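**Student:** give me the fold of what follows.
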Amino acid sequence: MHRAIRLLTLMVIGSCLAGCSLAPIYNIKVNGYTEPGTPRAIKPGGSIFVMTNKEAKNPLLETEVKDKITKLLLSHGYPHTTFEEADYYLFFGYGMGEPRSVVVVPDYYGSIGWGMGCGWGGPGFCVTVPPWGAYASDTTIYDRWLLINVVDGPAYRTQKLSRPVWVGEARSVGASSDLRTVLNYLLVADFKEFGKNTGKAIDIDLKEHDPAIFSLTH
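**Tutor:** All right, here's what the predicted structure looks like:
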């Protein structure tokens, strides 16, 4: 009977650890736009200068996002250059909506309470196991978004015409209000479709320990 108790205890602990070790997954919706008839408008290897918003409320965050975009551009084969020589200029914006409360009903989760179950040990042998169920709960969520706008370089440089070449939208809804962290996922997701006309919103799921996120932040 002691052996059965040990076996069942290990199974219960293993189930709890498996449930607790699940890494958060960020679901990002990405939409990429180009001019009609130009499914991929940015020429391969084109040089891109990243612009910043001088009116940004947090200039340090603005610089941080610019550096991450530059890093992603390099990893996709688009070299950074000077303002005077750029083939394209990249503008970006980001933000977060007001918090809103929703009722969430998960498929399942382990509750804190304990229940009684009998078996495997013969008459009189009972163990406590964590019950599984679905209970509705109020959760505060936020809309998080990132917009990237790539414009033709010569037209902007000589005539100040912002002629869009590619526009990429990345949006996510979740419980985290840490925009600085969520932006990493929005950036990586947007660049998975960089320069493409997606034709519709593309769902991209990124785990907390995704290698692309790690390389962006280290």
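**Student:** how much space between the spatially most central residue of the chain and Phe191?
**Tutor:** Per CA atoms, centre = their mean, the C-alpha nearest to the average position across the chain is that of Tyr185, at 2.9 Å. In this structure, Tyr185 and Phe191 are 11 Å apart, going by CB to CB, to the nearest Å. Just so you know, the C-beta spots here come from the backbone N, C-alpha and C atoms, and that holds for glycine as well.
**Student:** same question, Leu73
**Tutor:** 8 Å.
**Student:** which residues of this protein fall in strands?
**Tutor:** 25-33, 48-50, 88-96, 100-104, 109-110, 115-118, 126-129, 132-133, 137-152, 164-174, 202-207 (DSSP state E).
**Student:** output these in JSON lines; the columns should cover mean pLDDT and distance to Lys57.
**Tutor:** Shown next, in JSON lines, are the strands of the chain (pLDDT from 0 to 100; distance: least, CB to CB, whole Å):
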{"stretch": "strand 25-33", "mean pLDDT": "96", "distance to Lys57": "23"}
{"stretch": "strand 48-50", "mean pLDDT": "97", "distance to Lys57": "19"}
{"stretch": "strand 88-96", "mean pLDDT": "97", "distance to Lys57": "10"}
{"stretch": "strand 100-104", "mean pLDDT": "77", "distance to Lys57": "22"}
{"stretch": "strand 109-110", "mean pLDDT": "44", "distance to Lys57": "37"}
{"stretch": "strand 115-118", "mean pLDDT": "44", "distance to Lys57": "51"}
{"stretch": "strand 126-129", "mean pLDDT": "43", "distance to Lys57": "51"}
{"stretch": "strand 132-133", "mean pLDDT": "49", "distance to Lys57": "44"}
{"stretch": "strand 137-152", "mean pLDDT": "92", "distance to Lys57": "16"}
{"stretch": "strand 164-174", "mean pLDDT": "96", "distance to Lys57": "20"}
{"stretch": "strand 202-207", "mean pLDDT": "96", "distance to Lys57": "26"}
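**Student:** looking at those strands, spot the one closest to Tyr78.
**Tutor:** strand 48-50 (5.0 Å; CB to CB).
**Student:** residues in contact with that closest one?
**Tutor:** 66, 69-70, 73, 78-83, 86-90, 92, 150, 153 (CB atoms under 8 Å, 6 or more residues apart in numbering).
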